[in-house]
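S.K.: Pasting a predicted model and its sequence here:
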Amino acid sequence: MKKKIAIYANGWGADNVALFIRGIEYYLSDKDSDLFTFLSYGFYSMSKGDEAAENKVFDIVDADRFDGAIVFSNGLNSTSEAERIVSRAVKAGVPVVSLGIHFPGASFVNVNSYIGMRELSQHLVYEHKVRDVVYLAGNEGNPDSESRLDALSEVLEEVGGKVRNIHYTNWATDLTVETIDNFYNTKDKLPDAFVCANDYIALAACSELENIGINVPDDVLVTGFDGIKDGKTFYPSISTVVQDYFAQGEACAEIILKKIEEHSTAPTERLIASRFLPGESCGCMDSRNSRLERDNACRKNYFARTEKVFFDSHLTNMENALFSCAHATAIARTMTGFYRADHFVEGNTFAVLGESSYAASIYNDEVSLTRGGFSDHLKPVVALYDGVALDIDTFHRNDLVPGYKESDKLRNFFYVAIHSDEVLYGYFIIENVIARIEDFTLEVYRRSFRDSLDKFRQNMRLEYLNQKLMELYTRDSLTGLYNRFGYETLAIPMFKEAHAKNKSLAVVFVDINRMKLINDNFGHLQGDLAIRTIANAILQQAPESWIAIRYGGDEYLIIGECDNEDEVKDLVAHMEEGIKKQVRRMSLPFELSASCGYIMTDPTSTLTLAEYIKQADDVMYEHKKQSYEAEGYKR
């Protein structure tokens, strides 16, 4: 049996996460294993509800379903979330490796970022005579960010320099830009260098400095950390520290595999070296071939733009397919058809598992949308495995992947949550998408899918509420039959449509016998009971496609398309018999019956529906008169 290993990471790490996972895949490629990667896209400025829902992706599959777990702890958006994931695996007796943050019971792999950061700091201090530094940190308390600050401070102290200010950016571009703008607006003296906790912060700082007319590196130096691709092709290329996430991935995979094979959860530690890589942003213009990196990026840019056109077109087609569904219950059938025909973007193995509450809550006010965690059983919206569309009614989250079966090659299945704020819609599983993590199109895809579901649900909910409102307007509250407004909005259009198609309608007029006598002798509550009893008999006997209307106090209309008068005669006979059965069953204190009359419309005639109703009323009255005369009753 293949070893099943879970990976927990944050997709915003992009290049670093991609390299890390590639290192794991490389080491395990011939080690009889499969990977299951759970990606969150949580970030620090998210609302608490949104962040909590985002991180529910880590709980989709119970920890004890895996043989081992690898947690990219220092890449998650909170140390507490990393600790929760690690603790869960430890409690389940599953060997676990934590990257970057040490937790009890877990093996630990880390980069000695202090060494690389010290090299960078020494380069600034001794090569570029830097003495005054502003540090653009990550989030307060982050061990990586603090370790880099420590190395920087120590080197500056050697020459009497200092870190003038520390600004916490929470790893966010907008806060970085705000910090740079504050320097400009307050006319503060520029430092010798802005030293940034990672390359993304450095890129944002360089861009904003350029926007406000400050040149890097002529006016101020900027450095980053991590060695991401964008930092290499940016101008100026970012001076940085390379952490070798590929090697870290290999180390984690080696440790976890050994723990699995030895049936051991005893912690092991491994330290990976980091190294300084000078670049143009610190003034080292010829230190590496940055131009070649940019040239290669330009060559790839055309193909990237072309692929984006196909990608965007696919998202549009996906949304159109979803919006073509007339009802939420049609989503699975419609989307399976769409993805069976077009899954170029998703690949041959792709599944969307939905919460049943998504559709049910549209049409049932008592059903609540899912919050707080995924249900055990989910509804497959679409399930492709190796290009084959699977017919599955329900799926248990602990069954890993719909259609999953072991094969000779290493497979890596990626899980991403679909949610709107704190509301969970479901999640999707997709294979081999590391490149889409690097260019963020996986997150773009997820958001587009989520937004489409949001809009579809809003449209369906609005349609449902409009129908409910129309029901209130068109239904008689006492009987449940349509009222006079229902007659105008439904019966008249039916009449016009039938005649346009050269079809006849049956118009049946029903009137309760001796209604005044019932009200006078037994009271209006009993009169209401009589009205409801006749209405129930009409509802039971009228064909589903016909319209039954309470036309007046004790008068009813039944209208429907019909070209066979015998069907109308049978309807009237069954209705009269149905009334008699209800009266006998209810043991009413009064006699209850009704008189009926009908007329067949002629599509070639110019008579209006109101005129046909008058004719049916006249026929009914004659039947009533005959019935009364036979009983010796006078009105």
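M.R.: Thanks, I have it. Residues are numbered from 1 along each chain as shown.

S.K.: now the strands for the stretch 301-450 of the chain?
M.R.: Per DSSP state E, counting those that start in this stretch, the stretch 301-450 of the chain carries strands over the ranges 350-354, 370-371, 377-385, 388-389, 395-396, 412-420, 423-431.

S.K.: Quickly compare those and say which is most buried.
M.R.: With neighbours defined as mean count of other CB atoms under 10 Å, those peak in mean count at strand 350-354, which reaches a mean of 26. Bear in mind the C-beta positions are built from the backbone N, C-alpha and C, glycine included.

S.K.: among the strands of the stretch 301-450 of the chain, which is nearest residue 612?
M.R.: strand 377-385 (48.0 Å; CB to CB).

S.K.: Determine which of the strands of the stretch 301-450 of the chain approaches residue 7 most closely.
M.R.: strand 412-420 (8.1 Å).

S.K.: and the closest one, what does it pack onto?
M.R.: Using 3 or more CB pairs under 8 Å, 6 or more residues apart in numbering; DSSP states H and E, the elements in contact with strand 412-420 are strand 33-40, helix 48-55, strand 423-431, helix 441-474.

S.K.: which other residues reach the helix or strand following the last one?
M.R.: Toward the C-terminal end, the helix or strand that comes next after helix 441-474 (DSSP states H and E) is helix 484-486. With contact meaning CB atoms under 8 Å, 6 or more residues apart in numbering, helix 484-486 is reached by 473-476, 547, 549, 551.

S.K.: what about the stretch 51-200 of the chain, any weak spots by pLDDT?
M.R.: Along the stretch 51-200 of the chain, the model assigns pLDDT under 70 to no residue.

S.K.: can you give me the helices in it?
M.R.: 79-91, 113-122, 143-158, 173-185, 199-211 (DSSP state H, counting those that start in this stretch).

S.K.: Could you double-check that residue 208 sits in contact with residue 176?
M.R.: Yes: between residue 208 and residue 176 there is a contact at 7.2 Å, judged by CB atoms under 8 Å.

S.K.: mind putting the helices and strands packed on strand 412-420 in a markdown table, distance to residue 24 included?
M.R.: As requested, these are exported to a markdown table (distance: least, CB to CB, whole Å):
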| stretch | distance to residue 24 |
| --- | --- |
| strand 33-40 | 7 |
| helix 48-55 | 21 |
| strand 423-431 | 15 |
| helix 441-474 | 17 |
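
S.K.: returning to that earlier point: adding distance to residue 26 and mean neighbour count, write the helices of the stretch 51-200 of the chain out as CSV.
M.R.: Compiled in CSV, the helices of the stretch 51-200 of the chain are given as follows (distance: least, CB to CB, whole Å; neighbours: other CB atoms under 10 Å):
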stretch, distance to residue 26, mean neighbour count
helix 79-91, 23, 19
helix 113-122, 22, 21
helix 143-158, 24, 18
helix 173-185, 31, 16
helix 199-211, 23, 22
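
S.K.: looking at those, which is closest to residue 292?
M.R.: Between residue 292 and the helices of the stretch 51-200 of the chain, the shortest separation by CB to CB is 18.7 Å, and it involves helix 199-211.

S.K.: Run through who's touching the closest one.
M.R.: For helix 199-211, contacts defined as CB under 8 Å, 6+ apart pick out 136, 138, 169, 171, 173, 176-177, 179-181, 194, 196, 215-216, 219-220, 222-228, 230-231, 234, 236, 238, 240, 281.

S.K.: Can you name the next helix or strand after it?
M.R.: Past helix 199-211, the next helix or strand by DSSP H and E is strand 221-223.

S.K.: Quick one: mean pLDDT for the next helix-or-strand element following that following strand?
M.R.: In the C-terminal direction, the helix or strand that comes right after strand 221-223 (DSSP H and E) is helix 229-233. For helix 229-233, mean pLDDT is 88.

S.K.: for helix 229-233, packing partners?
M.R.: Under the contact criterion of 3+ CB pairs under 8 Å, 6+ apart, helix 229-233 touches helix 199-211, helix 290-323.

S.K.: and the residue sitting nearest the centre point of the chain, what does it touch?
M.R.: Nearest residue to the geometric centre of the chain (CA atoms, centre = their mean): residue 418, 2.9 Å. Residue 418 is in contact with 352, 424-428, 446, 449-450, 453, counting by CB under 8 Å, 6+ apart.

S.K.: Throw these into CSV and include pLDDT and distance to residue 61, thanks.
M.R.: CSV is the format used below for the contacts of residue 418 (pLDDT from 0 to 100; distance: CB to CB, whole Å):
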residue, pLDDT, distance to residue 61
352, 95, 16
424, 96, 15
425, 96, 18
426, 96, 14
427, 97, 10
428, 95, 14
446, 94, 18
449, 94, 21
450, 94, 21
453, 94, 22
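
S.K.: Which single one of those is nearest to residue 618?
M.R.: Closest approach to residue 618 among the contacts of residue 418 (CB to CB): residue 453, at 55.9 Å.

S.K.: distance of that closest one from residue 463?
M.R.: Using CB to CB, to the nearest Å, residue 453 is found at 16 Å from residue 463.

S.K.: okay, these two: which has more neighbours?
M.R.: Using other CB atoms under 10 Å as the criterion, residue 453 and residue 463 rank with residue 453 on top: 22 against 13.

S.K.: re earlier: closest one to residue 144 among the strands of the stretch 301-450 of the chain?
M.R.: strand 412-420 (24.4 Å).

S.K.: can I get the CA coordinates of the closest one in CSV?
M.R.: Extracted in CSV, the C-alpha atoms of strand 412-420 (Å, rounded to 0.1, in the frame of the first residue of the first chain):
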residue,chain,number,x,y,z
ASN,A,412,-0.1,15.0,-5.7
PHE,A,413,-3.7,16.2,-5.1
PHE,A,414,-4.3,19.8,-4.1
TYR,A,415,-7.2,20.9,-2.0
VAL,A,416,-8.6,24.5,-1.9
ALA,A,417,-11.6,25.7,0.0
ILE,A,418,-14.5,27.5,-1.7
HIS,A,419,-16.2,29.9,0.7
SER,A,420,-17.9,33.3,0.9
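
S.K.: Run the chain-centre distance for it.
M.R.: 9 Å (CA atoms, centre = their mean, to the nearest Å).

S.K.: Same check on stretch 190-198?
M.R.: For stretch 190-198 - counting by CA atoms, centre = their mean - the centre lies 39 Å from the chain centre.

S.K.: Quick check: buried residues in it?
M.R.: For stretch 190-198, burial by neighbour count (16 or more other CB atoms under 10 Å) applies to 191-198.

S.K.: quick one: which of the strands of the stretch 301-450 of the chain is nearest residue 8?
M.R.: So among the strands of the stretch 301-450 of the chain, strand 412-420 is nearest, using CB to CB, at 9.9 Å.

S.K.: Mind listing the strands the closest one pairs with, and their directions?
M.R.: strand 33-40 (parallel), strand 423-431 (antiparallel) (DSSP bridges).

S.K.: Dump the ones you listed to CSV, plus distance to residue 346.
M.R.: Shown next, in CSV, are the strands paired with strand 412-420 (distance: least, CB to CB, whole Å):
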stretch, distance to residue 346
strand 33-40, 15
strand 423-431, 6
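
S.K.: Residue 469: which of these is closest?
M.R.: strand 423-431 (24.4 Å).

S.K.: Closest one of the buried residues of stretch 190-198 to residue 10?
M.R.: Looking across the buried residues of stretch 190-198 and measuring by CB to CB, the closest to residue 10 is residue 198, at 13.0 Å.

S.K.: which residues does residue 88 contact?
M.R.: Applying CB under 8 Å, 6+ apart to residue 88 gives the contacts residue 63.

S.K.: got it, and the one 10 residues further on?
M.R.: Under the criterion of CB under 8 Å, 6+ apart, the neighbours of residue 98 are 71, 73, 82, 86, 106-109.
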